[in-house]
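Undergrad: Pasted the sequence and its predicted model underneath.
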Amino acid sequence: MDTRGRLVAGSHNRNEFVLINADETARIKSVKELSNQTCQICGDEVEITADGELFVACNECAFPVCRTCYDYERREGNQACPQCKTRYKRLKGSARVEGDEEEDDVDDLDNEFNFGNLDRLGRQHAAEAAFSTCLHTGRGFQSDASSRSELDSSPCGPVIPLLTYGEEDTDISSDQHALILPPSHGSRVHPMPIPVSSTPLQPRPMVPNKDLAVYGYGSVAWKDRMEEWKRKQNDKLQVVKHQGIGDGGDFDGGDPIDPDLPMMDEGRQPLSRKLPIPSSKINPYRMIIIIRLVILGFFFHYRILHPVNDAYGLWLTSIICEIWFAISWILDQFPKWYPIERETYLDRLSLRYEREGKPSELADIDIFVSTVDPLKEPPLITANTVLSILAVDYPVDKVACYVSDDGAAMLTFEALSETSEFARKWVPFCKKFIIEPRAPEWYFSQKIDYLRDKVHPAFVRERREMKREYEEFKVRINQLVSTAQKVPDDGWTMQDGTPWPGNNVRDHPGMIQVFLGHSGVCDVEGNEMPRLIYVSREKRPGFEHHKKAGAMNALVRVSAVVSNAPYLLNVDCDHYINNSKALREAMCFMMDPTSGKNFCYVQFPQRFDGIDRNDRYSNRNVVFFDINMKGLDGIQGPIYVGTGCVFRRQALYGFDAPVNKKPPSRTCNCCCCCLCCGSRKNKKGKANLKKQKRIKHKEASKQIHALENIEEGGEGKSTEQSHLPSREKLEKKFGQSPVFVASTLLENGGVPSGASSASLLKEAIHVIGCGYEDKTEWGKEVGWIYGSVTEDILTGFKMHCHGWRSVYCIPKRPAFKGSAPVNLSDRLHQVLRWALGSVEIFLSKHCPIWYGYGGGLKWLERFSYINSVVYPWTSIPLVVYCTLPAVCLLTGKFIVPEISNYASIVFMALFISIAATGILEMQWGGVGIDDWWRNEQFWVIGGVSSHLFALFQGLLKVFAGVNTNFTVTSKGGDDGEFSELYLFKWTSLLIPPTTLLIINIVGVVVGISDAINNGYDSWGPLFGRLFFAFWVIVHLYPFLKGLMGKQDRMPTIIMVWSILLASILTLLWVRINPFLSKGGIVLEVCGLDCD
């Protein structure tokens, strides 16, 4: 799509479409400049009226028609616009025709989008026909009025003839012979017969050897060629098997082996494989889980049957909390029953799809980068992400990067313009020297030997030059950021003096700018560059825009119009590509010929830079990404986590997963079964035989478009044709864009090569309009799903309900790396947003507890989704349970009666089983004990703070309609001396954990003082309460350290222990008091006369 480097802005609803920065004189031209202002019917130029304006025939859609065609259509035609079917109104200077006085009942809405013979064509053929035709007419599928009327006169379209195999059938009339098919455009399995009225095709009998594509699979010629191919393959394999058997295995003698055989044999191997966890690790883990379940049974048996009579309320509360914890543990534990790992083979991918001397056959990928506020999400970080995408190790003509600016910020636009210029130098440098990572900020800051494995003599010199170029680039970006701090009173203006269209963030048109990828823009070495496209969707007051999910759906639609790659990758603006082969890793799964069709997305783990050495607040989330996600990968696949995920476009469109054929049922060969069930098996066998014949007939009908003569009235339609959606269903599902609707039926993606820039730009602006999704299934069944601030969970859940599988890919070198919130307040706000989204899903119709039954969702996968939306509710019992130790210490009561030997064994067994489960998980998951313990600590910290607030905010939002806006977490790049880690930001989220810490510390002091005062017998029951309280304090210790900890001051642990020990020693001093005599206080008369 060539826009000549200009920004395209417009609104479909307001019929606005302009080009900005047309030249140095600040001209603003209409989009007719791109289409040469030609009539779409006759090809002549559209006239200019007496007022100096361009002649517009239709006021509804502005379809370009000249005055002559307009008058002819009103006088001789159907008096309607060829595009929107709206009746032409009489314009000044036109003669009056019949019907000008009647404005009612003249719209021809039944044929608004003329899909022609969509129901009789296969999905791929119909989509390509609609896609190719609508690009020349804008909104319709026929550009010529005469050809349209001719097609409309036929009730069932062109009659497809019988196959004659070179012999003429007497039952076929002379006008039904096979036609020579016109040349097809794009990649198509079979050509599609499209009648062209102007150039009639000459009939001839079909020859199987020449017309194999028309005959399709199942024909005689096809079978002969398949047998020939199989024979050649068997001959080559025999060479491999028998070569070298004689002569002691000497491969040097005899005829040379076919040089293509090793490549062919290796290329046919699977592109990936599963690596199950070794049985020595997974079997003990499963045994411990079963043992822990049994121990839980004994534990609750004892707890329920032994109430505490003098503290019945405390006992009942603790029982309810413990039951909830047990259910939560089950939901979290059993989805980890089948953990697996995966391995990819990038060399096989290249052998299969990248042959020497031929164009690469790897699939196209559209990459989405989303950003909102450049002041909170620094443009330099977004620029590094974009640069890492443009320099990825993938064919440049198959990569398109779309940057969504949902804040319509001119700062983002200008920063992206600077990035595109720097990319022309950075991309060839990365590919020339094969450097990693390909984000310059992180490449130049890594503290490793950058000369390792580098042999090019010019590397050091060019690296120094590139580092200087990048530092100058950073200065330019910083200058833009500094300028953007203060907005001018009259808004921002572009370099040519044009006002920035996005000055009003809540009311602006859609904007598209192609920075890279159009003709004439190459890197400094003259090589082609990947596409880089800036997109800002239209926003108007009164419309619901759905935040990030709405922006992602707008990118899905605009990318389908512009590039329409079959696969999509979405990353956050702060997640750069750390492994340049990440896209190839994903294609090893998606393009695998055996299992790739069943995968809806490939999820990569999130890895982070700039985190403190001890990962105090569990930012890395290693337990989730290295244990939980591996467990889900063995069931139906990992959940979608919002970034670092490669999607199949068809899965995002809400289509069901392909149905796998079930293997034949086993049969028994015993005599009894043969005598008893022989007749029944014969009947069943005959039925299966008929069913197989029907299946074969279905498959043949999919490939061959004509096996019988189609009678008028639509008889004899194939099975696939009957399943194709109708025009009305497609419009209701995907919206009123014929180009986009046609693209959804192209399973392998792609756009016609003859598409004009004007047509693509008009459709691109149309599909990012603010009202495009009205009365469609966007956000309900199509694209990113609305209804929660955590749209990622809902989107992946809907795909799994449609029967799709997902894949978890963990390359040796992390595929993506990003920035995480550094200080405590930002981390808690991030967790608050995630928990709020889970509460919204729990209270919606998409809750996995009651949604999606009867689909393709497996039970253990459902357990995982239930756990992902239920965990915020655990905050209530968790807060109560963390309060119980302090209450017990202050009141002298306890939740457990006097412990017997049986109870001691049960409690010890439960603690040992919990520890053993964690140890075995760390063993097969490869997680360190520090990461596991930090995860346990932050589970308590987040549970008593963010999860609790999210629960109440979610209830208020759903039941009271009170919306809560989450704050975008700050993303820092350079952590330096971890200065931001200790930056204290007060927030109400800190109140509950601070309160729990204080009351438990006070409880410990009071409990010890009480034991000191009451003597030796009170120390025994005190130990259980103290253990309970110390469990809470230890889990909240990182939170306490976040409140007070400083590296250059007194360590927090010393401060805490100083307070505790000072309190205890003070109590002991009061109790002992060496200045008092052992016999008590002695009273003596002072000897003074007080009177």
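TA: Now that the structure is in, tell me what you want to look at.
Undergrad: residue contacts, residue 645?
TA: The contact partners of residue 645, by Cβ atoms under 8 Å, 6 or more residues apart in numbering, come to 569-570, 601-604. Using the backbone N, CA and C atoms, a C-beta is placed for each residue, glycine as well.
Undergrad: cool, and residue 281?
TA: Per Cβ under 8 Å, 6+ apart, neighbours of residue 281: 920, 923-924.
Undergrad: ok, now with 10 Å
TA: Neighbouring residues of residue 281 by Cβ atoms under 10 Å, 6 or more residues apart in numbering: 339, 920-921, 923-925.
Undergrad: With pLDDT added, can I get those residues in TSV?
TA: TSV is the format used below for the contacts of residue 281 (pLDDT from 0 to 100):
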residue	pLDDT
339	93
920	93
921	92
923	91
924	91
925	89
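Undergrad: for the residues you listed, which one is nearest residue 425?
TA: Out of the contacts of residue 281, the one with the shortest distance to residue 425 is residue 925. That distance is 42.1 Å, counting by Cβ to Cβ.
Undergrad: Surely the closest one touches residue 630?
TA: Yes - applying Cβ atoms under 10 Å, one finds residue 925 in contact with residue 630, separated by 6.5 Å.
Undergrad: Need the overlap of contacts for the two.
TA: Between them, residue 925 and residue 630 share these contacting residues under Cβ under 10 Å, 6+ apart: 277, 336, 339, 341.
Undergrad: what's the burial count for the second one?
TA: Residue 336 is surrounded by 25 other residues when neighbours are defined as other Cβ atoms under 10 Å.
Undergrad: quick one: it from residue 630, how far?
TA: Taking Cβ to Cβ, to the nearest Å as the criterion, residue 336 is separated from residue 630 by 8 Å.
Undergrad: and if you look at the first one?
TA: For residue 277, the distance to residue 630 under the criterion Cβ to Cβ works out to 8 Å.
Undergrad: and what of the third one?
TA: Distance, residue 339 to residue 630, using Cβ to Cβ: 4 Å.
Undergrad: list residues touching both of those two?
TA: Residues touching both residue 339 and residue 630 (Cβ under 10 Å, 6+ apart): 277, 808, 924-925.
Undergrad: ok, these vs residue 400, which is closest?
TA: Looking at these and their distance to residue 400, the nearest is residue 808, at 25.5 Å (Cβ to Cβ).
Undergrad: which residues of the stretch 351-500 of the chain fall in helices?
TA: Along the stretch 351-500 of the chain, the stretches classed as helices by DSSP state H, counting those that start in this stretch are 379-390, 410-433, 440-445, 459-483.
Undergrad: Which of the ones you listed has the highest mean neighbour count?
TA: For the helices of the stretch 351-500 of the chain, the largest average neighbour count (mean count of other Cβ atoms under 10 Å) is found in helix 379-390, namely a mean of 26.
Undergrad: Next, residue 897: secondary structure please.
TA: Three states are possible here, and by DSSP: H, G, I helix; E, B strand; the rest coil the one that applies to residue 897 is coil.
Undergrad: What score does it have for pLDDT?
TA: pLDDT recorded at residue 897 is 81.
Undergrad: That one reaches residue 312, doesn't it?
TA: No - judged on Cβ under 10 Å, residue 897 makes no contact with residue 312 at a distance of 11.2 Å.
Undergrad: And the two? Which one has more around it.
TA: Comparing residue 897 with residue 312 by other Cβ under 10 Å, the one with more neighbours is residue 897, at 16 against 11.
Undergrad: filter the contacts of residue 281 to the buried ones?
TA: 339, 920-921, 924-925 (16 or more other Cβ atoms under 10 Å).
Undergrad: circling back: take the contacts of residue 281 and lay them out in a markdown table including secondary structure and distance to residue 412.
TA: Conversion of the contacts of residue 281 to a markdown table gives the following (DSSP: H, G, I helix; E, B strand; the rest coil; distance: Cβ to Cβ, whole Å):
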| residue | secondary structure | distance to residue 412 |
| --- | --- | --- |
| 339 | coil | 41 |
| 920 | helix | 48 |
| 921 | helix | 42 |
| 923 | helix | 46 |
| 924 | helix | 44 |
| 925 | helix | 39 |
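Undergrad: Sketch out the low-pLDDT regions of the stretch 51-200 of the chain for me.
TA: Within the stretch 51-200 of the chain, the set of residues satisfying pLDDT under 70 comprises 52, 101-200.
Undergrad: Sort out which residues of stretch 282-292 are buried, please.
TA: Of the residues in stretch 282-292, those buried under the neighbour-count criterion (16+ other Cβ under 10 Å) are 282, 285, 288-289, 292.
Undergrad: Can you tell me what sits against it?
TA: Residues from elsewhere that reach stretch 282-292, judged by Cβ under 10 Å, 6+ apart: 276-277, 279, 299, 326, 329-330, 333-334, 336-340, 634, 909-910, 912-921, 923-925.
Undergrad: please redo it, this time with the cut-off set to 7 Å
TA: 333, 337, 339, 913, 916-917, 920-921, 924 (Cβ atoms under 7 Å, 6 or more residues apart in numbering).
Undergrad: What is the most widely separated pair among the residues you listed?
TA: The distance between the two most remote of these (Cβ to Cβ) is 19.0 Å, for 339 and 913.
Undergrad: Does residue 560 lie in a helix or a strand, and which?
TA: helix 547-562 (DSSP states H and E).
Undergrad: Tell me what angle the helix or strand that that helix is followed by forms with helix 547-562.
TA: Read in the C-terminal direction, the helix or strand following helix 547-562 is strand 567-572, with elements assigned using DSSP H and E. Angular relation of strand 567-572 and helix 547-562 on a 0 to 180 degree scale: 150 degrees, by axes from the mean of the first three to the mean of the last three Cα atoms, to 10 degrees.
Undergrad: same for strand 567-572, what does it pack against?
TA: With contacts defined as 3 or more Cβ pairs under 7 Å, 6 or more residues apart in numbering; DSSP states H and E, the secondary structure elements packing on strand 567-572 are strand 365-371, strand 645-648, helix 649-652.
Undergrad: List the strands paired with it, with their directions.
TA: Strand 567-572 sits in its sheet next to strand 365-371 (parallel), strand 645-648 (antiparallel), going by DSSP bridges.
Undergrad: okay, the angle between the longest one and helix 410-433?
TA: Okay, so that is strand 365-371. Using the same axes, to 10 degrees, strand 365-371 lies at 140 degrees relative to helix 410-433.
Undergrad: and residue 988, how many residues sit next to it?
TA: The number of residues packed near residue 988 is 9, by other Cβ under 10 Å.
Undergrad: Phi first, then psi, for it.
TA: Here the main-chain torsion angles of residue 988 (degrees, to the nearest 10) amount to phi -70, psi -20.
Undergrad: how about the spatially closest residue to it that is not a sequence neighbour, secondary structure?
TA: Distances taken as Cβ to Cβ, 6 or more residues apart in numbering put residue 949 closest to residue 988, at 7.3 Å, once the chain neighbours are dropped. Under three-state DSSP, the three-state class of residue 949 is helix.
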